[in-house]
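Novice: The following block contains a protein sequence and its predicted model.
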Amino acid sequence: MRDHAPRDLAVDWAACQGHGLCAELLPDHVTLDDWGYPIVSGPLSAAAAKRARRAVADCPALALRLKAAEHQVTNRSNPATARSAHSG
């Protein structure tokens, strides 16, 4: 069974050497800065999962990994927090 949970692409900045292969393999999710280092926009779409796994496997510096998408907690998920944030 495949895991269909949302994923984020994480960069190990100490290992990344700015080769740019990740941006070639995932152009919808990775762009390069002025020095050739990746800027990742996530989470990855389900359609990009296969290409993301390939990017992780093919990274020459082994600087990429897939991780479970971080769920952002918003004030809307906790009404008590939302009320306290708006009062004061």
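Specialist: Perfect, I can see it now. Everything numeric here is computed off the predicted structure, so don't read it as measured data. Numbers count the residues shown, from 1 in each chain.
Novice: elements contacting the helix or strand R65 falls within?
Specialist: Here R65 sits within strand 64-68, counting by DSSP states H and E. Counting contacts by 3 or more CB pairs under 8 Å, 6 or more residues apart in numbering; DSSP states H and E, strand 64-68 packs against strand 7-11, helix 49-58. In this view, the C-beta of every residue, glycine as well, is placed from N, C-alpha and C.
Novice: ok, and what's touching it?
Specialist: 5-12, 22, 44, 52-53, 55-56 (CB atoms under 8 Å, 6 or more residues apart in numbering).
Novice: pLDDT (mean, whole number) over that strand?
Specialist: Mean per-residue pLDDT for strand 64-68: 91.
Novice: what's the neighbour count on the spatially closest residue to A55 that is not a sequence neighbour?
Specialist: Excluding its sequence neighbours, the residue lying closest to A55 (CB to CB, 6 or more residues apart in numbering) is L25, at 4.3 Å. If you count neighbours by other CB atoms under 10 Å, L25 ends up with 20.
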